[in-house]
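Asks: any chance you could fold what I've pasted below:
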Amino acid sequence: MIDMETVTLSSKYQIVIPRAVRERLQLKAGSRLSVVDFAGSLRLIPVQPPSALRGIARGIDPQLVRDDDRPL
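Replies: Predicted coordinates for the structure are as follows:
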């Protein structure tokens, strides 16, 4: 979903993230965001703690398949 919200850069180079966006992304005061310059656009990406990644590979087959000419 693309949600076109408009913000204004203050004289101190600060922006306010609109309430609807904060609520949808569950951002709280003190949340950390990475700022990325991507192809001339600005992207804010929420930084998640490593514990948030727990279980993302659930169901993946852990067996390593290698070519015959590349022994372990």
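
Asks: now the helices: where do they sit in this protein?
Replies: Under the criterion DSSP state H, the chain carries helices at the ranges 19-25.

Asks: so where's it shaky on pLDDT?
Replies: 1-3, 72 (pLDDT under 70).

Asks: could you pull out the strands for it?
Replies: Per DSSP state E, the chain carries strands over the ranges 33-38, 41-46.

Asks: can you say which of these is nearest to I17?
Replies: strand 41-46 (7.7 Å; Cβ to Cβ). Every C-beta, even on glycine, is put in place using the N, C-alpha and C of the backbone.

Asks: what's the angle from the closest one to strand 33-38?
Replies: 150 degrees (axes from the mean of the first three to the mean of the last three Cα atoms, to 10 degrees).

Asks: what's the closest non-adjacent residue to the spatially most central residue of the chain?
Replies: Nearest residue to the geometric centre of the chain (Cα atoms, centre = their mean): I45, 4.0 Å. In space, and not counting its chain neighbours, I45 is closest to S34: 4.5 Å by Cβ to Cβ, 6 or more residues apart in numbering.

Asks: who touches that neighbour in this structure?
Replies: 44-47 (Cβ atoms under 8 Å, 6 or more residues apart in numbering).

Asks: contacts only, for E23.
Replies: So E23 contacts nothing (Cβ under 8 Å, 6+ apart).

Asks: where does it sit relative to G40, distance-wise?
Replies: 28 Å (Cβ to Cβ, to the nearest Å).

Asks: again, but for A20
Replies: 25 Å.

Asks: the two: who's more crowded?
Replies: A20 (10 against 5; other Cβ atoms under 10 Å).

Asks: now do that one against G55, distance only.
Replies: 29 Å.
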